[in-house]
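**Student:** quick one: sequence and predicted model below, then my questions.
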Amino acid sequence: MKSDNIKKGIQRAPHRSLLRACGVEDKDFEKPFIGIANSFTDIVPGHIHLRDLVEFVKEGIIAAGGVPFEFDTMAICDGISMNHEGMKYSLPSREIIAATVESMAKGHAFDGLVLIPSCDKVVPGMIMGASRINIPSIVVTGGPMAAGNYKGKNADLITVFEAVGEYSAGKIEESEVYEIEKCACPGAGSCSGLFTANTMASITETLGLSLPLCATTHANTEENNKIAYESGVKIIELVEKDIKPSDILTQEAFNNAIAVDMALGGSSNTALHIPALASEVKGVDVDLELFDKISREVPHIALISPAGEDSMMDLHLAGGIPAVLKTLGDKINTAPLTVTGLTIAENIENVENKNTDVIHTLDNPVHKDGGIAILKGNLAPNGSVVKKGAVAENLMHLKGPAKVFNSEEEVTQAIFNHEIQERDIIVIRYEGPKGGPGMREMLNATSALAGMGIKDVGLITDGRFSGGTRGPCIGHVSPEAMADGPIAIVQNGDIIEIDINNRSINVDLTDEEISNRLSKVEKPESEVDGWLSIYQKIVQSADSGAILR
C-alpha cells in the first residue's frame, strides 16, 4: 500500500507517533488509509450539509476495513460571488482545489480518495487533483437542492435574478421580489436546475466516477446518505482491485460525458471543465472540435430548468443519468469501466426510462442536435460556446449593431439604465481568463435582460455565462481580447451576425480592417494583485479549458 511509506518499518516510528496522536491504533496500521476531500462550508448552500454526509462515508470506509482521514478544500458560491470582484476568484478556485487534493494525497500517502464536492468548480477541481495522482478514487456529489415554489410554480436562483430585472422594468413590486427571494432556495444542495453544479455531477456519474443515481439524488435525503455509505465501502474495493482514475477516464468515457451533456442541454461551462479534466489524463484528447462533432450527432432530449420547466427531481424520478444513458442507446459506448467495478452496459442492463415526457426518446427529441453549440468565425477563430438548448427558435439567427463594453460592471449599469434596445448585439470583453482575470460569469446581465423582457438581443463575451443562463448568449470567445483576439477591435455600431444553427459568429469587417484595428488596440489597464496576479500570468485560453500551464 502507498500508505506503507508513512506507517511501516523502524524509520517510520516518528510518523506512526504522529498518527497515534490522531487516534490511529496498532490494528489500523495494517489497513488502507483513505483520504476524504470534503468541501463543507457554512456559506455555500450546496455544501452546508456535507459535514453530516461525510459521516456516512466514514462509516462505510470503517465497515469495509479502511481508516478514513478527512480534510477540507475550499468552495466558492457563484451566486454569492456574482457581479462583484468575488466572481474573479470563482474559476481560479478550481486550480486551488485541484492542487489541494493533489498535495494532501501525496503528502500523506493515501491509498485511496473519496471526493465530496457539490458546486461548480469544486467537482472538476477535485477530479483534476485525483487524476494527477491517479490513486483509486470515488466521487460523492452532494446532491441537488429541492426546487422552491412560488405561486404554484418551481422557483430557483435564476427566478430571483430575473425578478430583479422585472422590478427594474416596473413589472413587479419590490415586495414580490422579496417573496421570491425567500422561497427560491429552500435549503441545502446545489441549485435545483441543470446549472453548472448539477451538470458536472451528471458528467461525473457518466464518466463512471460516482455510483449510479448519485448525480440526481437530492441533498439531505436517506438515499443520499445511503450512496455516501456505499461509496465509503466501495473505495476499499477499488483500492484492493487497484482500479484507478486512469482505468475509468478513457477517451470513450469522455465522449460519453459530452454526449450526455448534449442530451441534457447542460451548462456551457462544461466546455471549460471537461477539457480541463481531460488535460490531466494521458492519452485523452478533448477539444471544442469534439464538442461540435458530438453535438451534431446526439439529440437534445430533456428540458430541465433553465431551458424548460422540469427540475432535477423530475429527472431523478424519470430514472436519472442511468435512464439517460439507456435512452441514448448506440449514441454512447457502454464498454467503459465504472467505480461499481462493472461496465456501463452492466450498470444499465435493467434500467428503464420512467417518464418520456422528461427524458424524451430518440425519435421524439426536444431538438435534433445537442444542447450546446460551438460557433466560429472572424470574431471567434478558435471557437465560442452557446447553450443552444436554451435559445428560442426565433433567436437562433441575430444580426445587429454592436454595443461594446469593457467590463461586466459597464454592461450591467447600461442594462439597468435602459440603454439596451431590441436587436442590439452586446459585446462584453476583457473578461476572459487573462483579461478579467478569472473569466467572470455574466448572470446578472442575462437575467436582468430576461426579467425586463428584452428578448431580441444577443450577448457575446470572452468571459462566460452561468449554467442558469438562457437565450442567445455566446461565451468563451477565443482568443480573448487580452490575448489580441478579434473581439478586441469591435466598435459601437459594427454589424455582428450570430447564426447558431450554422455555427457561425462574424463581424461585418474585412480581414484587412480587423488586422489594421488590432495593430492599434489599446488595452485597458487593471490592477491585479495577490493570487490572481499569478493566475493571470499562466492561465491558458478558454478553448483549452482555461487550464494553468
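**Tutor:** That came through, no problem.
**Student:** how close does the nearest residue to residue 199 once chain neighbours are set aside get to residue 335?
**Tutor:** Of all residues not flanking residue 199 in the chain, residue 266 sits nearest, at 3.5 Å (CB to CB, 6 or more residues apart in numbering). To be clear about C-beta, it is placed using only N, CA and C from the backbone, and glycine gets the same treatment. Look at residue 266 and residue 335: by CB to CB, to the nearest Å, they are 23 Å apart.
**Student:** quick check, pLDDT for the residue nearest to residue 199.
**Tutor:** Looking at residue 266, its pLDDT is 92.
**Student:** give me the secondary structure label for it.
**Tutor:** coil (DSSP: H, G, I helix; E, B strand; the rest coil).
**Student:** dump the residue contacts of it.
**Tutor:** Taking CB atoms under 8 Å, 6 or more residues apart in numbering, we find residue 266 in contact with 194, 199, 202, 203, 260, 371, 372, 387, 467.
**Student:** quick one, phi psi at residue 423?
**Tutor:** Here is the backbone geometry of residue 423 (degrees, to the nearest 10): phi 80, psi -10.
**Student:** center of the protein, which residue is that?
**Tutor:** residue 196 (3.7 Å; CA atoms, centre = their mean).
**Student:** doesn't residue 274 make contact with that one?
**Tutor:** No - using CB atoms under 8 Å, residue 196 is not in contact with residue 274; the gap is 11.7 Å.
**Student:** longest strand of the chain?
**Tutor:** Counting residues, the longest strand found in the chain (DSSP state E) is strand 397-405.
**Student:** for the stretch 251-400 of the chain, give me the ranges with low pLDDT.
**Tutor:** Scanning the stretch 251-400 of the chain for pLDDT under 70 picks out nothing.
**Student:** that one: strands as residue ranges?
**Tutor:** Secondary structure of the stretch 251-400 of the chain (DSSP state E, counting those that start in this stretch): strands located at 373-377, 380-386, 397-405.
**Student:** ditto for the chain
**Tutor:** For the chain, the strands defined by DSSP E cover 33-38, 67-72, 112-116, 137-139, 148-150, 153-155, 373-377, 380-386, 397-405, 425-428, 458-461, 473-478, 495-499, 504-507.
**Student:** closest to residue 207 out of those?
**Tutor:** strand 137-139 (8.8 Å; CB to CB).
**Student:** quick one: neighbours of the closest residue in space to residue 280 that isn't next to it in sequence, just the number.
**Tutor:** Once flanking residues are discounted, residue 280 sits nearest to residue 131: 3.9 Å by CB to CB, 6+ apart. If you count neighbours by other CB atoms under 10 Å, residue 131 ends up with 25.
**Student:** for residue 55, same thing?
**Tutor:** Here the number of neighbours of residue 55 (other CB under 10 Å) works out to 16.
**Student:** what do you get for residue 376?
**Tutor:** 18.
**Student:** quick one: the nearest residue to it once chain neighbours are set aside from residue 544, how far?
**Tutor:** Among residues not flanking residue 376 along the chain, residue 383 sits closest, at 5.4 Å (CB to CB, 6+ apart). According to CB to CB, residue 383 stands 10 Å off from residue 544.
**Student:** my guess is residue 141 contacts residue 211, does it?
**Tutor:** No - Residue 141 sits out of contact with residue 211 when judged by CB under 8 Å, with a separation of 10.1 Å.
**Student:** look at those two and report which has more neighbours.
**Tutor:** residue 141 (31 against 22).
**Student:** let me see the residues that make contact with the lowest-mean-pLDDT helix or strand in the chain.
**Tutor:** Least confident helix or strand, the chain: helix 443-452 with a mean of 82, by mean pLDDT, DSSP states H and E. Outside of helix 443-452, the residues within contact range by CB under 8 Å, 6+ apart are 78-79, 82-83, 158, 161-169, 171, 408, 411-412, 415-416, 420, 426, 428, 455, 457, 459, 465-466, 468-471, 473.
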